[in-house]
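task: produce atomic coordinates for the following.
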Amino acid sequence: MTTIEGNLQQVHERLARACRAADRDVSEVALLAVSKTFGADTVCLALDAGQHAFGENYVQEGVEKIVELRRVRPGAALQWHCIGPLQSNKSRPVAEHFDWVQSVDRLKIAQRLSEQRPAHLPALQVCLQVNVDGGANKSGVAPEGLADLARAMALLPRLQLRGLMCIPEPAPDFKSQRDLFLRAKGLFDQLNAQGMGLDTLSMGMSDDLEAAVAAGSTMVRVGRAVFGSRPTRS
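Numbers count the residues shown, from 1 in each chain. Alright, predicted model coming up:
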């Protein structure tokens, strides 16, 4: 068993325990392996261990990895998520290569992704990033602007609005972590009460996935617990 295979097994066991504690079915929570700064060979090891969904923070690095995986693993059922802050000048390669974008926080970015998504590809799956705790250095739409952005984005062609993503500031204990995630869950429920039909609530990482599952997460984004400490970007 490779280290990554063992790590994935441990993460799935953590998810299973968290779901039991929250009285949820483990099938309700997907695992996104965050492969930023790791090479295509490392992604291949995770793929061989049964992981198919990967998250990338840096557009150029992610696109290079996507292209390389298509070359070395043609036909592999891979799903690529852009999860980092997205600038307007980086929207085209994201629209052309990724399957999901989880970090949309303003209409201009959504409009560019809609215009630039190639017609021969399926609709780009999108989550809106919401700043649930008001962190000044955090990306994300403010909660009070979320509903208007969601309604406007849902009208754009070539995009499918799937849900919300959040990255709250680190909290010191399980209850504090869960309370932050519950803010996002409340916003998610409000949008669905307005008929938005969302199904994805992306929250929780290596250090707080249990609290996220308790609060209702449907997708956790785990990097270090899967791949280990990150290499320094050159």
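
gap between the two ends of stretch 217-228?
The straight-line separation of the ends of stretch 217-228 (CA to CA, to the nearest Å) is 23 Å.

pull out the buried residues from it.
Within stretch 217-228, the residues that count as buried by 16 or more other CB atoms under 10 Å are S217, T218, M219, V220, R221, V222, G223, A225, V226, F227. Backbone N, C-alpha and C define where each C-beta goes, glycine included.

now do the strands in the chain.
Here the chain has its strands, by DSSP state E, at 30-34, 53-56, 79-82, 100-104, 124-129, 159-165, 200-202, 219-222.

and of those strands, who's closest to P172?
Among those, the nearest to P172 by CB to CB is strand 219-222 (19.6 Å).

who touches the closest one?
11, 15, 29-34, 55, 83, 200-206, 209, 212-213 (CB atoms under 8 Å, 6 or more residues apart in numbering).

pull the contacting residues for A225.
N7, Q10, V11, R14, S206.

the residue nearest to the fourth one when sequence neighbours are not counted: neighbour count?
If the residues on either side of it in the chain are set aside, R14 comes closest to L209, at 6.5 Å by CB to CB, 6 or more residues apart in numbering. As a burial measure, L209 scores 23 neighbours (other CB atoms under 10 Å).

ok, of the buried residues of stretch 217-228, which one's closest to A123?
Looking across those and measuring by CB to CB, the closest to A123 is M219, at 18.0 Å.

what ranges do the helices span in the protein?
3-21, 40-48, 59-72, 91-97, 107-116, 143-154, 174-193, 209-215, 224-227 (DSSP state H).

and A123, which of those helices is closest to it?
Going by CB to CB, the one of these nearest A123 is helix 107-116, 9.3 Å.

which elements pack onto the closest one?
helix 91-97, strand 100-104, strand 124-129, helix 143-154, strand 159-165 (3 or more CB pairs under 8 Å, 6 or more residues apart in numbering; DSSP states H and E).

which among the ones you listed is found nearest to T2?
The minimum distance between T2 and those falls on strand 100-104, with 26.2 Å, by CB to CB.

adjacent strands (with direction) for that closest one?
strand 79-82 (parallel), strand 124-129 (parallel) (DSSP bridges).

now the shortest one: buried residues?
Buried residues in strand 79-82, counted by 16+ other CB under 10 Å: W80, H81, C82.

rebuild the residues you listed as TSV, extending it with distance to K138 and pLDDT.
Output for these, formatted as TSV (distance: CB to CB, whole Å; pLDDT from 0 to 100):
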residue	distance to K138	pLDDT
W80	23	98
H81	19	98
C82	17	98
